[in-house]
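A.B. asks: predicted coordinates and the sequence they were generated for:
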Amino acid sequence: MLKRHPLDAVIIGAGVVGAACAHQAARAGLRVAVVDRGPVAGGTTGAGEGNLLVSDKEAGPELDLALLSNGLWRELAADLPREAEYEAKGGLVVAPDETTLTALRGFADRQRAAGAEAVEVAAGELRELEPHLAPGLAGALHYPQDAQVQPAQAAARLLAASGAEVHLGEEVTAVLLDASGAVRGVRTPRRDLLAPAVVNAAGTWGGRIADLAGVHLPVLPRRGFVLVTEPLPRVVRHKVYAADYIADVASGSAALQSSAVVEGTPAGPVLIGATRERVGFDRSLSTEALRRLAAQAAALFPVLAGVRVLRTYHGFRPYLPDHLPAIGADPRRPGLLHACGHEGAGIGLAPATGLLIAAALTGARPPLDPAPFRPDRFARSAPDTPEEQR
């Protein structure tokens, strides 16, 4: 006689991706538990800006996932409270010269062919969209589908709406296996949670959860800083960033990279990002990263040069070498699924990730081809630096 589990799945991670997986699984009629070593949104989600971006995605699997998520976020926004600060503000990618603008046009043409909306803005029209932009820019591409959300609030609301059994402050110490090697649940210092499926939504710790299950997933942390200004009148209307941000997102370099990403918030402060560097889990403050961000933001918006920065924060993006997340069932370990490695795009890609995971759990037809996100696509290799082994 088959033993019936009280749960259909255990989701490891209470960030926005784990919350979205729980939300979509519940909508599919599944009973799930969510377990996290810390609080809701205590990792990458809580350190994010809340980007829901189409604009920075090259045509291909990630853009397809982003477009699906974009529509899902719009649907979810109707049920989110005002505190979640969902705002369909649109994005503006600016070019300093004609050479860069020509490259952006080609990038946007490929995105449009995949279903994204992108409208070229001439230099003389930029001030109509952003009155405080620096003069002398060659032009820009406007992406009306780009949006923003307060990530911690969004994660908390999705998790609450799922009705999942939630266990916070409990680190998963083992992935439990049956005699055949299939997953049968997880162990924490307080309890065993039994289920025929486990979803690894542990963000930057996704590689360690994979190790516990006896499989390899090369998730590495990629550190990033954000500056938060004093509250201001709405001096920045869209999410505005320099075109070199797109190259930084696609880069695999471990060195410090920075490119200005500037946006206002409903509460008043302006958020300024974004840096990227692979330094393991080093949480020390980088004055060089902060200096670069401040200088680049002031170059884009001179009005910010005299504005006070009230605080900074930083976190770690879960990086995978090919810049695509791992989503779906792991054929190397029956019952194990992954939903991690989204790098800086996890908040934007969370709803579609949840939908793919729910389809994999129920055997339903997936909303798009999951093959590019296969968790077993990486050959085993040594970490790049000693710090990344820790």
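C.D. replies: Received the coordinates, thanks. Numbers count the residues shown, from 1 in each chain.
A.B. asks: please, which helix or strand holds residue 369?
C.D. replies: Following DSSP states H and E, there is no helix or strand that holds residue 369.
A.B. asks: quick one: the closest residue to it other than its chain neighbours from residue 334, how far?
C.D. replies: Closest residue to residue 369 apart from its sequence neighbours, by Cβ to Cβ, 6 or more residues apart in numbering: residue 61 at 7.6 Å. To be clear about C-beta, it is placed using only N, CA and C from the backbone, and glycine gets the same treatment. Distance from residue 61 to residue 334, counting by Cβ to Cβ, to the nearest Å: 25 Å.
A.B. asks: you'd agree residue 310 is up against residue 268?
C.D. replies: No. Contact criterion Cβ atoms under 8 Å: residue 310 and residue 268 do not qualify, at 10.6 Å.
A.B. asks: strands along the stretch 151-300 of the chain, start to end?
C.D. replies: Using DSSP state E, counting those that start in this stretch, the strands of the stretch 151-300 of the chain run over residues 165-168, 174-177, 183-187, 192-194, 198-200, 220-229, 239-242, 257-264, 270-276.
A.B. asks: could those strands go into CSV alongside mean pLDDT?
C.D. replies: Below are the strands of the stretch 151-300 of the chain laid out as CSV (pLDDT from 0 to 100):
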stretch, mean pLDDT
strand 165-168, 98
strand 174-177, 98
strand 183-187, 98
strand 192-194, 97
strand 198-200, 98
strand 220-229, 95
strand 239-242, 94
strand 257-264, 90
strand 270-276, 91
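A.B. asks: out of those, which comes closest to residue 127?
C.D. replies: For residue 127, the closest of the strands of the stretch 151-300 of the chain is strand 239-242, at 12.6 Å, according to Cβ to Cβ.
A.B. asks: list the contacts of that closest one.
C.D. replies: Strand 239-242 is contacted by residues 51, 53, 55-56, 89-94, 96, 130, 133, 146, 148, 259-263, 274, 296, 300-301 when judged by Cβ atoms under 8 Å, 6 or more residues apart in numbering.
A.B. asks: which among the residues you listed end up buried?
C.D. replies: With neighbours counted by 16 or more other Cβ atoms under 10 Å, the contacts of strand 239-242 contain buried members at 51, 53, 55-56, 89-94, 96, 130, 133, 146, 148, 259-263, 274, 296, 300-301.
A.B. asks: for stretch 281-300, what does the pLDDT average out to?
C.D. replies: Stretch 281-300 shows a mean pLDDT of 94.
A.B. asks: give me the distance from that stretch to the chain's centre.
C.D. replies: Computed by Cα atoms, centre = their mean, to the nearest Å, the chain-centroid distance of stretch 281-300 equals 20 Å.
A.B. asks: residues contacting it, please?
C.D. replies: When contacts are defined by Cβ under 8 Å, 6+ apart, stretch 281-300 is touched by residues 94, 133-134, 204, 221, 223, 225-227, 240, 242, 256, 258-260, 262, 272-275, 277, 304-305, 309, 312, 314, 316, 387, 390.
A.B. asks: so among the residues you listed, which ones count as buried?
C.D. replies: Listed as buried from the contacts of stretch 281-300 are 94, 133, 204, 221, 223, 225-227, 240, 242, 256, 258-260, 262, 272-275, 277, 304, 309, 312, 314, 316; burial here means 16+ other Cβ under 10 Å.
A.B. asks: quickly find the element holding the residue sitting nearest the centre point of the chain.
C.D. replies: Centroid-nearest residue in the chain, with Cα atoms, centre = their mean: residue 346, separated by 1.8 Å. Residue 346 belongs to helix 346-362 when assigned by DSSP H and E.
A.B. asks: buried sites along that helix?
C.D. replies: Within helix 346-362, judged by 16+ other Cβ under 10 Å, the buried ones are 346-361.
A.B. asks: cool, stretch 6-20 as well?
C.D. replies: 7-20.
A.B. asks: what residues are shared contacts of residue 310 and residue 268?
C.D. replies: Residues touching both residue 310 and residue 268 (Cβ under 8 Å, 6+ apart): residue 230.
A.B. asks: low-confidence ranges in the stretch 251-390 of the chain?
C.D. replies: In the predicted model of the stretch 251-390 of the chain, residues 251-252, 380-390 satisfy pLDDT under 70.
A.B. asks: sorry, back to before: phi, psi for the residue nearest to residue 369 please.
C.D. replies: phi -60, psi -40 (degrees, to the nearest 10).
A.B. asks: which residues does it contact?
C.D. replies: By Cβ under 8 Å, 6+ apart, the residues touching residue 61 are 324, 369, 372-373.
A.B. asks: need these in CSV with secondary structure, neighbour count and distance to residue 214, can you?
C.D. replies: Formatted as CSV, these follow (DSSP: H, G, I helix; E, B strand; the rest coil; neighbours: other Cβ atoms under 10 Å; distance: Cβ to Cβ, whole Å):
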residue, secondary structure, neighbour count, distance to residue 214
324, coil, 19, 23
369, coil, 10, 27
372, helix, 16, 24
373, helix, 23, 21
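A.B. asks: which two among those residues are spaced furthest apart?
C.D. replies: Spanning the widest gap among these are 324 and 369, at 12.3 Å by Cβ to Cβ.
A.B. asks: how about stretch 267-283: buried residues?
C.D. replies: Result for stretch 267-283 [16+ other Cβ under 10 Å]: buried residues 269-280.
A.B. asks: now stretch 153-162: mean pLDDT?
C.D. replies: 96.
A.B. asks: can I get it as CSV, trimmed to CA atoms?
C.D. replies: Presented in CSV, the C-alpha positions along stretch 153-162 are these (Å, rounded to 0.1, in the frame of the first residue of the first chain):
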residue,chain,number,x,y,z
GLN,A,153,6.2,43.0,0.2
ALA,A,154,5.5,41.1,-3.0
ALA,A,155,7.1,37.9,-1.7
ALA,A,156,5.3,38.1,1.6
ARG,A,157,1.9,38.6,-0.1
LEU,A,158,2.4,35.8,-2.6
LEU,A,159,3.5,33.5,0.2
ALA,A,160,0.5,34.4,2.3
ALA,A,161,-1.9,34.0,-0.6
SER,A,162,-0.5,30.5,-1.3
